[in-house]
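*Asks:* Got a predicted structure here, sequence first:
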Amino acid sequence: MKWVVLGVLVLAVVWVIWGYNLLVSLRNRVQNGWKQIDVQLKRRHDLIPNLVEAVKGYMKFEQDTLQKVMEARAKAVGSTGVQATAAAENILTQSLGRIFALMENYPELKANENVLRLQEELTTTENQIAFARQYYNDLVMRFNVRQEVFPSNLIAQFFNFKPGEFFSVPEAEKAVPRVDLSLRG
């Protein structure tokens, strides 16, 4: 009987250690996933002043738009935490969208090699941010689920693990684009 109790006790201790280590591992993977997003955001933040500088001479009448992009960039660079960063990045994305839309009005700008290269680099970076965000959100989901399911929720509560925050997608990206294929004369 003494050996059975001792065996159950050892199994319980091993289970707690395993559960704790799994939660720590997931928490560290979530933090690493966030750092991967952070690296891509820094790259984006570094490219934006170059793009603004490259288009400034062509877009003389759009200085207010360019200024708003730089202000949005400054807020994004200074943001901390997942939700604040997501909100600031969403505003920056909208500001960049305005610049790209305005660039369509400047044919000489669309032909500029430097601007095209910067645009391509920004597009590539945006794709990398999207992949990093997806990976991060997948890890956050796994971490949060592990904290909510029985019996690992007992370990999470005992050791005071906190749920991870998702990097939310801006509402503009959630909307399905409308395509008008009607033939108008």
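*Replies:* Great, that's in hand.
*Asks:* Show me the longest helix that occurs in the chain.
*Replies:* The longest helix of the chain (DSSP state H) is helix 2-56.
*Asks:* Packing partners of the helix or strand just after that helix?
*Replies:* Once the chain leaves helix 2-56, the next helix or strand it forms, by DSSP states H and E, is helix 63-78. Counting by 3 or more CB pairs under 8 Å, 6 or more residues apart in numbering; DSSP states H and E, the packing neighbours recorded for helix 63-78 are helix 2-56, helix 82-103. (C-beta placed from N, C-alpha, C; glycine too.)
*Asks:* Would you mark the buried spots in the helix or strand hosting Glu108?
*Replies:* Secondary-structure assignment from DSSP H and E places Glu108 in helix 107-110. For helix 107-110, the neighbour count (16 or more other CB atoms under 10 Å) marks Leu109 as buried.
*Asks:* Return the set of buried residues in the helix or strand just after it.
*Replies:* Going down the chain from helix 107-110, the next helix or strand is helix 113-148, by DSSP H and E. Residues of helix 113-148 classed as buried by neighbour count (16+ other CB under 10 Å): 115, 118-119, 121-122, 125, 128-129, 132-133, 136-137, 139-140, 143-144, 146-147.
*Asks:* Keeping just the C-alphas, turn the helix or strand just after helix 113-148 into CSV.
*Replies:* Counting by DSSP H and E, the next helix or strand C-terminal to helix 113-148 is helix 152-158. The C-alpha atoms that make up helix 152-158 are tabulated as CSV, following Å, rounded to 0.1, in the frame of the first residue of the first chain:
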residue,chain,number,x,y,z
SER,A,152,-3.4,21.6,-17.2
ASN,A,153,-5.7,24.6,-16.2
LEU,A,154,-5.0,23.6,-12.6
ILE,A,155,-1.2,24.0,-13.2
ALA,A,156,-1.7,27.3,-15.1
GLN,A,157,-3.8,28.7,-12.3
PHE,A,158,-1.5,27.5,-9.5
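*Asks:* so how far is helix 152-158 from its chain's centroid?
*Replies:* Here helix 152-158 is found 28 Å from its chain centre; the criterion is CA atoms, centre = their mean, to the nearest Å.
*Asks:* ok, residues contacting that helix?
*Replies:* Defining contact as CB atoms under 8 Å, 6 or more residues apart in numbering, one finds that helix 152-158 is touched by Val16, Gly19, Tyr20, Leu22, Leu23, Arg146, Gln147, Phe161.
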